[in-house]
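Student: Sequence isn't available, so here's the structure alone:
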């Protein structure tokens, strides 16, 4: 029985897409692999979020801050203690002093495309130092990893281009999507509580600069002239970036359109499900994604998707979405308008969306990753 370690310090949905990936990876490994022994390394804040359900999985306390100094200096000694045959870092932040066999998952190289200080709350000097450390670390661990898992072909191409690794070293393994369970009963009054009345567009996700939400707001103002009752609902934790987006809206949007924009803040999964179910369209204006999970989640609820045509999104969504140029506000507004006015088109998008999400399974992902483990163990 081989000994495999998994870095789960970013376990949990509060850590965004990487946290979701780690949760689903471990959950499905438990279901799929009874022949290897797993050691799952958790930080203090998420240690109690997981309890092994089978004997060949053991959780280990590894309270080293992600991207911190002790992660690099002390974490390797803990890993050596468990005499692992293979270690899987579910993010690129592997300790460069760890000398045994490991693989990494790289979800995206967004920083390599957009190294902008607008994407951080750090002052320019600290951000420059952080950026240098990022480039040094990701290049070093990519070079030393036995295998790199990319979550899309687009991300693989970026890895080969930016990190100068051979194509055969990188395997594309798609993420999965959680399909709705039952009726997803939520707070039925959530729409009333948020002040949603009638038709609305919805976006669920962060407000980082590459998400391009300023352009979405500008496109919505154009739509407001023809659809004065239409609303735009933006769902995401109200952090520094969402507050900055609200300020942008207040300073750049007419009062009439501004009162139709709802910053819904963080919502429980059940409420997000209801917002998907009741919306007219899901709009995804992102400039770059590694995989693009939110539009797939929207499709799983039967919501038609109108999406940016950049990065991996055409690869992941195929012909199940209508696409626009995310840097062309008029094009974005026109494609949204097309989907709003054509009932037949929306029905087709719903049907194609249901078919599209069938291609993405967390279970399938785990099976393919186990195959990577076994090949590298041997």
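Tutor: Here it is on my side, so go on. This structure is a prediction, so every number in the text was calculated from the model and none was measured. Numbers count the residues shown, from 1 in each chain.

Student: Helices of the stretch 51-200 of the chain, start to end?
Tutor: Using DSSP state H, counting those that start in this stretch, the helices of the stretch 51-200 of the chain run over residues 69-73, 75-81, 110-113, 124-144, 153-163, 190-194.

Student: Now find how far off-centre the first one is within its chain.
Tutor: If I follow you right, that is helix 69-73. Centre-to-centre, helix 69-73 and its host chain are 26 Å apart (Cα atoms, centre = their mean, to the nearest Å).

Student: Same question for the fifth one.
Tutor: Taking Cα atoms, centre = their mean, the mean C-alpha location of helix 153-163 is offset from the chain mean by 17 Å.

Student: that older thread, out of the helices of the stretch 51-200 of the chain, flag the one nearest residue 175.
Tutor: helix 153-163 (10.8 Å; Cβ to Cβ). To be clear about C-beta, it is placed using only N, CA and C from the backbone, and glycine gets the same treatment.

Student: what helices or strands is the closest one leaning on?
Tutor: Under the contact definition 3 or more Cβ pairs under 8 Å, 6 or more residues apart in numbering; DSSP states H and E, helix 153-163 sits against helix 110-113, helix 124-144, strand 147-150, strand 170-172.

Student: Just the residues contacting it, thanks.
Tutor: 106-109, 112-113, 138-139, 142-143, 148, 150, 165-167, 170, 172, 290-291, 311-312, 315 (Cβ atoms under 8 Å, 6 or more residues apart in numbering).

Student: tell me which residues of stretch 5-17 are tucked away?
Tutor: In terms of neighbour count (16 or more other Cβ atoms under 10 Å), stretch 5-17 has its buried residues at 5, 6, 7, 8, 9, 10, 11, 12, 15, 17.

Student: now do stretch 331-346
Tutor: Buried residues in stretch 331-346, counted by 16+ other Cβ under 10 Å: 332, 333, 335, 336, 337, 339, 340, 346.

Student: re earlier: list only buried entries from the contacts of helix 153-163.
Tutor: 106-109, 112, 138-139, 142, 148, 150, 165, 170, 290-291, 311-312, 315.

Student: okay, residue 58: pLDDT?
Tutor: Predicted confidence (pLDDT) for residue 58: 97.

Student: my read: residue 138 touches residue 92, true?
Tutor: Yes - Residue 138 is within contact range of residue 92, at 4.8 Å (criterion: Cβ atoms under 8 Å).

Student: thinking again about what came up before, to residue 325, which of the helices and strands packed on helix 153-163 lies closest?
Tutor: Nearest to residue 325 among the helices and strands packed on helix 153-163 is helix 110-113 (16.8 Å), distances taken as Cβ to Cβ.

Student: contact partners of the closest one?
Tutor: Residues outside helix 110-113 that contact it (Cβ under 8 Å, 6+ apart): 119, 131, 134, 135, 158, 162, 210, 288, 290.

Student: Three-state assignment for the last one, please.
Tutor: This means residue 290. Under DSSP: H, G, I helix; E, B strand; the rest coil, residue 290 falls in the coil class.

Student: Distance check, the closest residue to it other than its chain neighbours against residue 198.
Tutor: In space, and not counting its chain neighbours, residue 290 is closest to residue 108: 2.9 Å by Cβ to Cβ, 6 or more residues apart in numbering. From residue 108 across to residue 198, the span is 36 Å (Cβ to Cβ, to the nearest Å).
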